[in-house]
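Trainee: Fold the stuff below for me.
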Amino acid sequence: MKIAIFTDTFSPDVNGVAKTLERFTQFLDQTDHCYIVISPKQPKGEIDAGKIYRQSSFRFPLYKDCRISLPNTNFLKDIILSFQPDIIHLATPFSIGLSGLHIAKKYQIPVVGSYHTDFDQYLKYYHLNFLSKPLWRYMKWFHQPLLRIFVPSSVTYQQLQKRGFTNLQIWQRGVDTKIFHRNFSNNNVRMKYSIKERFILTYAGRLAPEKNVELLAEIANNLPTALQDNIHWIIIGDGPSKMSLQQKCNQNVTFTGFLPQREVAKLIAVSDLFVFPSETETFGNVVLEALAAGTPVVAARAGGVQDIIQQDFTGWLCEANNSTSFIQAIESILGNVEWRHQLAENAIRYAQKQRWEDRFNDLSEAYQAIIDEIKKQQKPA
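Mentor: Below is the predicted model of the structure:
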């Protein structure tokens, strides 16, 4: 197949969409399929192979880690006509995604999309709820022509189905167990970060309102005093909420800032628990990565995380935005060594079955099925 991917975020961006697409192109490099990627330029510039076509972009004023692209439509038409893709995949619904949709319609190229981000949930964290109705109207308009909408979890599937979206198909995510595993030295991490407490609890991800990270401080500060004194928190990541979170967390906390993936894997693997309060995940890649590292997860019972965490088997799902529920889970798991070890074993066994290769094969097979169906329809009776 020839596959054209249109996306408003791609490597070196650090988010679930960009990482997933980068892994997908690496998978395609090992196959007989051909691909091109249309994505934004970054300020620092990138050295790309001939398969990546970067479009001019500028920083989005309301969210500095996102960029808005200004696609050169005529240039993109020439690229598509030259490449002649069998299918176009729209990974995002914004400027570059819009260009891809326009080109797919104009040249009658089969077009699919993937739904990665619950933008509607983000609105409440930025006091923009009044945009919810127009946002959903736009999202329905954008996705209506797509022959398939790939969603990462059953929760997202049900949410979109209730809103009238059709042609939905679940396409879950995988994990790289060569990076995320438990074979790291606990002592090295403790020495590097001067950790003397008995337990290590970790969060990894963007430090932003939509991740509900403020709840981490509330949890940490309200644990029983005896337990507080025995816990060291490691907060991995960066973002607009970092300063506020630093001010609210009053003891035994290390903020690492952004770290390379292998360093993140090391810190998660030596942790006793991974704590994840986000309510806006359509999947939650980092939760699956924690399980692969043998670290039980305490997470909010919300979004796609519910497809990953099996209650009392690989972790604990807490009432969303309820610090008391999180504290009870943390106390219960840390207080039972045998159970914690069993959760870790269960987590590893589950994660080892979630291979990226299988996920990308699923996507490729879905592409092919769509292409074959269209060819069948085009054959004269």
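
Trainee: rest of the way, CA atoms for contacts and neighbours
Mentor: Fine.

Trainee: for Trp233, helix, strand, or coil?
Mentor: Following DSSP: H, G, I helix; E, B strand; the rest coil, we place Trp233 in the strand state.

Trainee: was I right about it contacting Val253?
Mentor: Yes: using CA atoms under 8 Å, Trp233 is in contact with Val253, at 4.6 Å.

Trainee: The two: which has the busier surroundings?
Mentor: Trp233 (25 against 20; other CA atoms under 10 Å).

Trainee: could you measure that one against Leu273, distance?
Mentor: 10 Å (CA to CA, to the nearest Å).

Trainee: Residues that sit against both of the two, list them.
Mentor: The contact sets of Trp233 and Leu273 overlap at 200-202 (CA atoms under 8 Å, 6 or more residues apart in numbering).

Trainee: top of those by neighbour count?
Mentor: With neighbours taken as other CA under 10 Å, the top of those is Thr202, carrying 25 neighbours.

Trainee: All the strands of the stretch 101-250 of the chain, residue numbers only.
Mentor: Listed in chain order, the strands found in the stretch 101-250 of the chain under DSSP state E, counting those that start in this stretch are 111-114, 149-151, 168-170, 199-204, 231-236.

Trainee: Can you list the strands that the third one pairs with?
Mentor: Yep, that's strand 168-170 we're talking about. strand 149-151 (parallel) (DSSP bridges).

Trainee: What residues sit buried inside the partner strand?
Mentor: Across strand 149-151, burial judged by 16 or more other CA atoms under 10 Å covers 149-151.

Trainee: buried ones in stretch 84-94?
Mentor: Buried, per 16+ other CA under 10 Å, within stretch 84-94: 85-94.

Trainee: what would these look like in JSON lines with distance to Lys105 and secondary structure?
Mentor: Listed next are these as JSON lines, based on distance: CA to CA, whole Å; DSSP: H, G, I helix; E, B strand; the rest coil:
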{"residue": "Pro85", "distance to Lys105": "13", "secondary structure": "coil"}
{"residue": "Asp86", "distance to Lys105": "13", "secondary structure": "coil"}
{"residue": "Ile87", "distance to Lys105": "12", "secondary structure": "strand"}
{"residue": "Ile88", "distance to Lys105": "10", "secondary structure": "strand"}
{"residue": "His89", "distance to Lys105": "13", "secondary structure": "strand"}
{"residue": "Leu90", "distance to Lys105": "13", "secondary structure": "strand"}
{"residue": "Ala91", "distance to Lys105": "16", "secondary structure": "coil"}
{"residue": "Thr92", "distance to Lys105": "16", "secondary structure": "coil"}
{"residue": "Pro93", "distance to Lys105": "15", "secondary structure": "coil"}
{"residue": "Phe94", "distance to Lys105": "16", "secondary structure": "coil"}
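
Trainee: could I get the residues you listed as a markdown table with distance to Thr314 and pLDDT?
Mentor: Below are the buried residues of stretch 84-94 laid out as a markdown table (distance: CA to CA, whole Å; pLDDT from 0 to 100):
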| residue | distance to Thr314 | pLDDT |
| --- | --- | --- |
| Pro85 | 42 | 97 |
| Asp86 | 41 | 97 |
| Ile87 | 38 | 98 |
| Ile88 | 37 | 98 |
| His89 | 34 | 98 |
| Leu90 | 33 | 98 |
| Ala91 | 30 | 95 |
| Thr92 | 32 | 92 |
| Pro93 | 34 | 93 |
| Phe94 | 36 | 89 |
